[in-house]
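Trainee: Mind folding the following:
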Amino acid sequence: MQSVKSVISITQAVKNWLDPQNQDLQTAVEKTVSEGLFSAEDMQHQLSVLRGNVENGDIEEWVKRAGLTDKNNAKGKKILSLHAGNLPLVGFQTALGVILSGADYYGKLSRKDPYLLASFLKEMQKAGLKQEIHFSTDLDSFENQEADTVVFAGSENSVPDVKEEIRKQNAAKPNATYLIRTAKFSMVYLNEWNEEIKGELVEAILRYGGKGCRSAAVVAAKFGLDEVKEELRSSMQNFWRKNPQHQKPASELKYQFAYNEGIQRNQLWLEDFLIQETDELPKMDFMVNWMEGDEERVRALRMKFGEVVQSIYTTGSEIDGLKTEPLSQAQSPPLWWKPDGVDVISELIM
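Mentor: Numbering: from 1, shown residues only. Sure thing, here's the model as predicted:
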């Protein structure tokens, strides 16, 4: 594996950063809340998950799974990471993976999340690691860096514009490798229903306002929406009471509700969230598409939606031919989970 000394140093630095007494982290949290960027509840959830990951030995396990060793690493490479800002600390795994790989890290932070990840990177800079760690919210800060690899999340449509801006800045080599994350949402398959599953489903749907590629936007179940509609309504309203959100949906959501009413489509309307019965591709935030079906239906949907699907969650049973994850881990994945099916460390050391 990667040098024991290096992994120990990085792990300790992560623990130092996550320490509830770390003033830099607390200041970052306070700024984020005061500017209305993310809710305190969502940030504390994310930090709690990360603390659990580290205490469970996820960093060491990730290094082992990736096959990182003193001879098999990314030392000497320059990695430019363009981080999204749709969720609190959404870029943490990529940043940590790059640093663990031994590569030099250059991070363009999102202005929608400028404080949290920066507080982590400052802790890494203090750890005395033998690699460069630089970050900024401005891409022009990386002019003439000539990175070997560029990592970023976004739609396929944004790729040409991103590459052109990087070319203008000479921020990456002409032959640089691009690692692009394009998954948009995750799916859930329910073959049973109880209080525990209901709670896990609501968490998977509503955490972070229902945004992010691990958020459940499609539910396939062996029962129709009508059978659980009122239970879901109550549980979702209770979740919001405990986890108030800053972001509100666009007016298009109300138009969709009115359209559904007009065509008599079954739906659950919660004023600022909509669950509707349809097998269409989810097209907007704060919406979940629900359909009744079995495992064969899930396989068909996975093929239909393609690469925009991040994960398929189940409540224990596996689905032949598909990779699945426990619904309970939807919003609390291990550190080694693979965005778009790609392990960032493994990709960098190839």
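
Trainee: And for the residue lying closest to residue 233 once chain neighbours are set aside, the neighbour number?
Mentor: Nearest non-adjacent residue to residue 233, counting by CB to CB, 6 or more residues apart in numbering: residue 268, 6.1 Å away. In short, each C-beta sits where N, CA and C put it, glycine included. When neighbours are counted by other CB atoms under 10 Å, residue 268 registers 19.

Trainee: same question, the one 5 residues further on
Mentor: Taking other CB under 10 Å as the neighbour definition, residue 273 ends up with a count of 21.

Trainee: State the distance from it to residue 147.
Mentor: 40 Å (CB to CB, to the nearest Å).

Trainee: which stretches of the chain form helices?
Mentor: Applying DSSP state H to the chain gives helices spanning 4-18, 23-34, 40-55, 58-66, 92-101, 116-125, 159-169, 195-206, 229-242, 252-263, 295-305, 344-348.

Trainee: Of those, which stretch is the most buried?
Mentor: helix 92-101 (a mean of 25; mean count of other CB atoms under 10 Å).

Trainee: I'd like the mean pLDDT over that helix, please.
Mentor: What helix 92-101 shows for mean pLDDT is 97.

Trainee: got the angle for it vs helix 116-125?
Mentor: Relative orientation of helix 92-101 and helix 116-125, computed by axes from the mean of the first three to the mean of the last three CA atoms, to 10 degrees: 20 degrees.

Trainee: Helix 92-101 vs helix 40-55, what angle?
Mentor: Using the same axes, to 10 degrees: helix 92-101 against helix 40-55 is 30 degrees.

Trainee: For the closest residue to residue 83 other than its chain neighbours, give its distance to residue 152.
Mentor: Of all residues not flanking residue 83 in the chain, residue 91 sits nearest, at 3.2 Å (CB to CB, 6+ apart). Going from residue 91 to residue 152 by CB to CB gives 10 Å.

Trainee: how close does residue 72 get to residue 6?
Mentor: 13 Å.

Trainee: about what we covered before: mind listing the shared neighbours of residue 91 and residue 152?
Mentor: By the contact definition CB atoms under 8 Å, 6 or more residues apart in numbering, residue 91 and residue 152 are jointly contacted by 81, 83, 84.

Trainee: isn't the last one right next to residue 155, touching?
Mentor: Which is residue 84. No: contact criterion CB atoms under 8 Å: residue 84 and residue 155 do not qualify, at 11.0 Å.

Trainee: So the two - more neighbours on which side?
Mentor: Legend: neighbour count by other CB under 10 Å for residue 84 and residue 155, higher for residue 84 (18 against 10).

Trainee: Let me see the contact set for that one.
Mentor: By CB under 8 Å, 6+ apart, the neighbours of residue 84 are 90, 91, 110, 152, 153, 154.

Trainee: and with 10 Å instead?
Mentor: Contacts were defined as CB atoms under 10 Å, 6 or more residues apart in numbering; by that measure residue 84 touches 90-91, 94, 109-110, 112-113, 152-154, 181, 212-213.

Trainee: Lowest-confidence entry in the residues you listed?
Mentor: Lowest pLDDT among those: residue 154, 73.

Trainee: any idea how far it is from residue 250?
Mentor: With CB to CB as the criterion, residue 154 and residue 250 are 19 Å apart.
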